[in-house]
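Asks: I'll drop the sequence and a predicted model, then ask my questions.
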Amino acid sequence: MVSISTVMRRVLTGYAVCFNYRHNRSGHLFQNRFKSILCQEDPYLKELVRYIHLNPLRAKIVPDLKSLNRYPYSGHSVLMGEQTKAWQSIENVLGHFGNSLRSGRRSYWNFVKKGIDQGRRPDLVGGGLVRSAGGWSALKSLRQAGFRQKADERILGGGDFVSEVLQAAQECLDRKYRLKAAGYDFEKVVHRVGNLLGLQPQQVVTSGKRRFEVEARNMVCYWASKELGMSQVFLAQKFKVSQPAISAAIQRGEKIIIERKLQLSNNL
């Protein structure tokens, strides 16, 4: 599975270049850079889904909610059953609104309808502190009570949630630097995997199709990417495969490592 960041990078670069060439134009095609926000599922996800799907209506691209239901360039039409996109999953979102597809769809539509008059929501798109507090009024109340909220532009959630995410991210960052300081690079990861599976380094990086060889490559891809921060482009060049193949290998490697309770280093 290719990540949303990878897809958007291709849209903002490759697609934009092709579009400009085709239409004999230059410059930016999209107004702003893509950004992804880690969202605390409860209670922010429903609010965020509604806000995003009302964008075409706020921008007056569609005149009313009925037209929005049929608008093909929004996930809302898929949630409403008017459009079908194989890549868009609707069960998770609608599951927050009802126990069945029908009841979830009906409750979701009513929820979206109630949000039409809210206009722009700084607590959903503005600064991290405002978002994390739940809006300007909530932030003001917290400050009057003497509370201080943890916030971050990349995270949509309550202060405790933001703190937990940042702490986990810091722990991962600290571990990556400790591993690099201990001399871990691509070759050392290959040797580590070889030792765990009883393979020579050349067997680990080979393009063989035997199960243990495939497992070895998957483990290297996962540890090199997730533990050391190596790019999928770099790994694709090393293994002479496509980037989507590396993305799939990382997922398989994660499953193997978790199931077998393996560590890249037992000393860090």
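Replies: Okay, I see it. Numbers count the residues shown, from 1 in each chain.

Asks: what is the burial count for Leu48?
Replies: Residue crowding around Leu48 was assessed by other CB atoms under 10 Å; the count is 18. Just so you know, the C-beta spots here come from the backbone N, C-alpha and C atoms, and that holds for glycine as well.

Asks: please identify the buried residues of the helix or strand containing it?
Replies: For Leu48, the host element (DSSP states H and E) is helix 41-53. The neighbour-count check on helix 41-53 (16 or more other CB atoms under 10 Å) flags 44-51, 53 as buried.

Asks: also stretch 94-106?
Replies: Here stretch 94-106 shows 94, 96-97, 104-105 as buried, counting by 16+ other CB under 10 Å.

Asks: in CSV, list those residues along with pLDDT, distance to Lys261 and secondary structure.
Replies: Shown next, in CSV, are the buried residues of stretch 94-106 (pLDDT from 0 to 100; distance: CB to CB, whole Å; DSSP: H, G, I helix; E, B strand; the rest coil):
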residue, pLDDT, distance to Lys261, secondary structure
Leu94, 92, 36, helix
His96, 87, 33, coil
Phe97, 90, 38, coil
Gly104, 92, 38, helix
Arg105, 94, 42, helix
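
Asks: nearest to Ser242, of those?
Replies: Among those, Leu94 lies closest to Ser242 (CB to CB), at 33.6 Å.

Asks: show me what contacts the residue nearest to that closest one when sequence neighbours are not counted?
Replies: Nearest residue to Leu94 in three dimensions, chain neighbours excluded: Gly104, at 3.4 Å (CB to CB, 6 or more residues apart in numbering). Applying CB atoms under 8 Å, 6 or more residues apart in numbering, we find Gly104 in contact with 94-98.

Asks: picking that back up, from the buried residues of helix 41-53, which single one is nearest Asn20?
Replies: Using CB to CB, His53 comes nearest to Asn20 of the buried residues of helix 41-53, at 28.9 Å.

Asks: in terms of pLDDT, where does the closest residue to that closest one other than its chain neighbours sit?
Replies: Leaving aside its chain neighbours, His53 sits nearest to His76 (3.8 Å; criterion: CB to CB, 6+ apart). On pLDDT, His76 comes in at 95.

Asks: what's the closest non-adjacent residue to Gly75?
Replies: Once flanking residues are discounted, Gly75 sits nearest to Gln88: 5.8 Å by CB to CB, 6+ apart.

Asks: returning to what we had before: any idea which of the buried residues of helix 41-53 is closest to Ser207?
Replies: Leu45 (41.7 Å).

Asks: surely that closest one and His96 touch.
Replies: Yes: contact status for Leu45 versus His96: in contact at 6.6 Å, counting by CB atoms under 8 Å.

Asks: for Val214, what are its contacts?
Replies: Gly208.

Asks: which parts of the host helix or strand of it are buried?
Replies: Assigned by DSSP H and E, Val214 falls within helix 211-222. For helix 211-222, a neighbour-count test (16+ other CB under 10 Å) marks 213, 215-222 as buried.

Asks: for the residues you listed, work out which two are farthest apart.
Replies: So, the buried residues of helix 211-222 by CB to CB: farthest apart are Glu213 and Tyr222, at 15.4 Å.

Asks: neighbouring contacts of the helix or strand following the helix holding Leu48?
Replies: Next along the chain after helix 41-53, taking DSSP H and E as the criterion, comes helix 55-58. Here helix 55-58 makes contact (CB under 8 Å, 6+ apart) with 62, 64-65, 68, 71, 73-74, 116, 119-120.

Asks: now those in JSON lines, with secondary structure and distance to Lys255?
Replies: Putting the contacts of helix 55-58 into JSON lines (DSSP: H, G, I helix; E, B strand; the rest coil; distance: CB to CB, whole Å) gives the following:
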{"residue": "Val62", "secondary structure": "coil", "distance to Lys255": "42"}
{"residue": "Asp64", "secondary structure": "coil", "distance to Lys255": "46"}
{"residue": "Leu65", "secondary structure": "helix", "distance to Lys255": "42"}
{"residue": "Leu68", "secondary structure": "helix", "distance to Lys255": "39"}
{"residue": "Tyr71", "secondary structure": "coil", "distance to Lys255": "38"}
{"residue": "Tyr73", "secondary structure": "coil", "distance to Lys255": "35"}
{"residue": "Ser74", "secondary structure": "coil", "distance to Lys255": "34"}
{"residue": "Ile116", "secondary structure": "helix", "distance to Lys255": "43"}
{"residue": "Gly119", "secondary structure": "coil", "distance to Lys255": "45"}
{"residue": "Arg120", "secondary structure": "coil", "distance to Lys255": "42"}
